[in-house]
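Participant: the sequence and its predicted three-dimensional model are supplied below.
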Amino acid sequence: MNLYRVFGAACVAGALGVGPAEAEEMFIGRWAATPSVCSGFGGSDAKTAALVASGTSVSWYPGSCRIGKMYKLGQAVYLQAHCDGSGDVPITLDPKGDRMKVTWNRGKTEELQRCK
């Protein structure tokens with residue numbers, strides 16, 4: 001691979017302000033109902049499990065999902081996610097500052113806070 005080509009492409013992307021989608025999306029990160037849940041793994045409900053979101057996936061107590069389709073309306077992100085064992089699941093992530101409302105598969109909306 002030509003190192004100059006790779007470096008050149010990176011410079012052009014940087015100059016154009018093109019970067020990974022993850023840097024731009026407010027929903028990306030680790031979220032939980034309380035700070036004590038932030039460092040844990042697993043959990044059986046919204047109060048005991050941390051939600052982890054990236055630009056391509058979302059994991060929470062109902063399952064691990066790959067993001068299929070996504071659209072935004074304001075800050076809210078509406079996902080059609082392909083989840084292990086559950087098929088396609090609608091998920092809404094509505095971040096506002098350090099808080100985020102989450103609706104998973106048309107269930108009850110839960111409010112989480114960003115883990116630090």
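Facilitator: Received, thanks. Numbering: from 1, shown residues only.

Participant: now the element after the least confident helix or strand in the chain by mean pLDDT, going C-ward?
Facilitator: Between all helices and strands in the chain, the lowest mean by mean pLDDT, DSSP states H and E belongs to helix 3-15, at a mean of 39. As assigned by DSSP states H and E, the chain's next helix or strand after helix 3-15 is strand 29-32.

Participant: buried ones in the helix or strand that comes right after that following strand?
Facilitator: Using DSSP H and E, the next helix or strand after strand 29-32 towards the C-terminus is helix 35-38. Across helix 35-38, burial judged by 16 or more other CB atoms under 10 Å covers Val37, Cys38. Placement of C-beta: from N, CA and C, glycine included.

Participant: one more: stretch 27-36?
Facilitator: By 16+ other CB under 10 Å, the buried positions in stretch 27-36 come out as Phe27, Ile28, Gly29, Arg30, Trp31, Ala32, Ala33.

Participant: repeat that for stretch 91-110.
Facilitator: For stretch 91-110, a neighbour-count test (16+ other CB under 10 Å) marks Ile91, Thr92, Leu93, Asp94, Pro95, Met100, Val102, Thr103, Trp104, Glu110 as buried.

Participant: which pair in these has the greatest spatial separation?
Facilitator: Spatially, the most separated pair among these is Pro95 and Trp104, at 14.9 Å (CB to CB).

Participant: can you tell me the helix or strand for the closest residue in space to Glu111 that isn't next to it in sequence?
Facilitator: Nearest residue to Glu111, sequence neighbours excluded (CB to CB, 6 or more residues apart in numbering): Lys101, at 5.4 Å. According to DSSP H and E, Lys101 maps onto strand 99-104.
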